[in-house]
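> Here is a sequence together with a model predicted from it:
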Amino acid sequence: MFRLIDWGFSLEHEPVDSRGLKRLMSIALSWFLSCPNRYVRDRSTKAIVNVVDSDLELYIDLIGRFQQVNDPYILERVYAAVYGGVLRHKEHESVTELSDMIYRLEFEDDDPTPHLLTRDYARGIIELANNQVKSYNVDLDKVRPPYDSSFSIDVPTSDELREQVTEQVEEADTELESRFWIGLVGSGFEGDGFSDFARYVVGTNSDSTHINGYDFSGAEALRWITKRVFDLGWHPDHFGDFDHYLNRWSNHGRGTRKPERFSKKYQWIAYYELVAWITDDCDFSNPTTAKPYNGAWAYWDRNIDPPVLDPEASSDLSPDEVVEYDCRIDDAPIEEWIKAHEEFPELAPLLELSVDSEDWVPLYGMYKWNAEEDTDSRFERDVFCRIDPVIVEEDDKEELVAWIIENWVESNEIKSTLVSSPVLTQTLRGEYPWHSIVEDQWEEDASPIMGSPVDVKSTALDLLWEAEYDCSIDEKYGIYAPSPYLANLLDLEWVVDTKEFKQQSQDPVRVADISEAEKPFDWMNSLSMIAASSNILEELESEGLAIVWVVQGEKRTITGDTAGNKMGISQTRAVFSLDEDGEFVGESENDFHSWE
């Protein structure tokens, strides 16, 4: 099993040429999706995506084979693999055929599978076809929540649940060493368990009376989930010894990324079914403050990013030169260095980019330089320069620049970052920027500069995937991406297996994460940046738009002392725009601020 998964999951092997072999491998890997071991299940999911590759027709057979499977764990991830495949090959002619099939199976009769994530992946495939093929016609109201499904639940009383559980335990031949239901419903079967699953997944820790803001209590939810675990087939004779062994000998503690018990597998299935029912049939406890449910991302329930096979895919693009800075370890004592507020790198060269011998412009950036004082010292000299561009109407550019100079650059006080840096989570890489999750999470009307006298738009964001449950990866990952405003304005699309977005045209605007850090969040002595080919300026000019670059830098010391250092901080603040000759022009101010 592990050899097959590792081979299919590997990114080094040659693509499988035989369609018959692909079909057989995808079927075998799909059965592994029933496993409660997250490492097996998550890697099998991506192995299917990797093996099937662009032969999307094979997914039609795969869906047909597993549509009636009696283990919801399998169908959920079959759909996840299909979605990953179409996100990677969205121009394939089979995308609409797959979409039609899933629409008939799941949404045409207003009765989709009662499972939060199964619905989410099925919906995504249809949303992609609708976005990709302009002539494609489907009733999206049936595809998007809430759904009018026939699924219903019967919440047991504590006495009814006690009777069901007691009967199974007493009839079993296996002597149970651990009883998972205590953590869900408590010893009295009331629904007052204190396990992490009860408190943080179901959510009783934040509101025990209203699950996700709906008029449905945590106690009811936990009693039904416990009942459903047994209804799905958990039995002491089948899984009691295995679950006890895993509880006793697993060294993963309370972490979320780990092999799990069979009882936990069934808890997850029951939870996703329950939330599907709640969002279909329950009312908000306070409709005036509740936010409508638009998808599985609303409750952070997405747990794998199927189109991303290599989260650390390196960019083919890189800056020809990165500005260096000398922290003067050997030339100046640390207190003298920190107070020398004129000693910052020249700021304009930080904006003048050359990528593969072509002119580019930054859309966001962070230069960072760091040096240890000496091997025995607890002090480190730390310098950073942050670049925060915004898009503005050309007619408003001068007013914005003047306002930034007056209210921020020339301030006599130490200033915090002027431009907010947005982060988007739970978005699958291939969904950006077209999927409705982006519209749902992105605050289109929120200004990146608080108090700005004119309308401004962000140029970039951090597209972050966190690894709370995802065992197909080792750690969280992300890339810088063009903001939704910019991506939609210029019709930018993700280039699969890269850190680049570009237009589909003869001379496309290219936007890429060209960070020079060793790993996604390593900013020590590094450049973290997203930039665009210089023809973006012409595209923006044709729309009556321009870019203004806000730059902030600081010199400071970092210590191992929890109280920090008392030496103060030097700061530089600047704003730049392009003149008629395409040169960066602007104003800057440097100063030192003591903590005394």
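In hand now; what should we look at?
> what is the nearest residue to Glu352 once chain neighbours are set aside paired to in the beta sheet?
When the adjacent residues along the chain are set aside, Glu352 lies closest to Phe584, with 6.8 Å between them (C-beta to C-beta, 6 or more residues apart in numbering). Yep, even glycine has a C-beta here, placed from its N, CA and C like the rest. Phe584 forms beta bridges with Leu578, as assigned by DSSP bridges.
> Only the buried residues of stretch 239-248, if you could.
Across stretch 239-248, burial judged by 16 or more other C-beta atoms under 10 Å covers Phe239, Gly240, Asp243, His244, Leu246.
> How about the first one, nearest residue that isn't a chain neighbour?
Think Phe239. Phe262 is the one closest to Phe239 (C-beta to C-beta, 6+ apart), at 4.0 Å.
> what's around that neighbour, how many residues?
When neighbours are defined as other C-beta atoms under 10 Å, Phe262 has 21 of them.
> Would you enumerate the residues in contact with it?
Residues near Phe262 by C-beta atoms under 8 Å, 6 or more residues apart in numbering: Pro36, Trp234, His238, Phe239, Phe242, Asp243.
> Farthest-apart pair in those residues, please.
Spanning the widest gap among the contacts of Phe262 are Pro36 and His238, at 12.5 Å by C-beta to C-beta.
> For these two, indicate the residue with more neighbours.
Neighbour totals were compared for Pro36 and His238, and Pro36 leads with 20 against 13 (other C-beta under 10 Å).
> and that one, backbone torsions?
Note on Pro36: its backbone torsions stand at phi -80, psi -10 [degrees, to the nearest 10].
> from memory it sits against Pro259, does it?
Yes - counting by C-beta atoms under 8 Å, Pro36 does reach Pro259; the two are 6.8 Å apart.
> Would you map the strands across the chain?
353-355, 358-372, 380-393, 423-425, 456-458, 460-465, 477-482, 493-494, 500-502, 510-513, 526-533, 545-558, 569-578, 584-593 (DSSP state E).
> could you give the angle of the last one to strand 358-372?
What that stands for is strand 584-593. Relative orientation of strand 584-593 and strand 358-372, computed by axes from the mean of the first three to the mean of the last three C-alpha atoms, to 10 degrees: 10 degrees.
> Return the list of helices and strands in contact with strand 584-593.
helix 348-351, strand 545-558, strand 569-578 (3 or more C-beta pairs under 8 Å, 6 or more residues apart in numbering; DSSP states H and E).
> Include mean neighbour count and distance to Glu163 when you put the strands of the chain into JSON lines, please.
As requested, those are arranged in JSON lines below (neighbours: other C-beta atoms under 10 Å; distance: least, C-beta to C-beta, whole Å):
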{"stretch": "strand 353-355", "mean neighbour count": "18", "distance to Glu163": "69"}
{"stretch": "strand 358-372", "mean neighbour count": "20", "distance to Glu163": "60"}
{"stretch": "strand 380-393", "mean neighbour count": "21", "distance to Glu163": "62"}
{"stretch": "strand 423-425", "mean neighbour count": "16", "distance to Glu163": "43"}
{"stretch": "strand 456-458", "mean neighbour count": "21", "distance to Glu163": "57"}
{"stretch": "strand 460-465", "mean neighbour count": "23", "distance to Glu163": "44"}
{"stretch": "strand 477-482", "mean neighbour count": "25", "distance to Glu163": "48"}
{"stretch": "strand 493-494", "mean neighbour count": "22", "distance to Glu163": "54"}
{"stretch": "strand 500-502", "mean neighbour count": "23", "distance to Glu163": "58"}
{"stretch": "strand 510-513", "mean neighbour count": "25", "distance to Glu163": "58"}
{"stretch": "strand 526-533", "mean neighbour count": "24", "distance to Glu163": "59"}
{"stretch": "strand 545-558", "mean neighbour count": "21", "distance to Glu163": "62"}
{"stretch": "strand 569-578", "mean neighbour count": "22", "distance to Glu163": "67"}
{"stretch": "strand 584-593", "mean neighbour count": "16", "distance to Glu163": "69"}
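> out of these, which comes closest to Thr45?
Comparing the strands of the chain by C-beta to C-beta, strand 460-465 comes nearest, at 14.5 Å.
> So what touches the closest one?
Here strand 460-465 has contacts from 305, 308, 311, 363-364, 389, 421-425, 427, 429, 432, 473, 476-484, 486, 530, using C-beta under 8 Å, 6+ apart.
> All good on my end, thank you.
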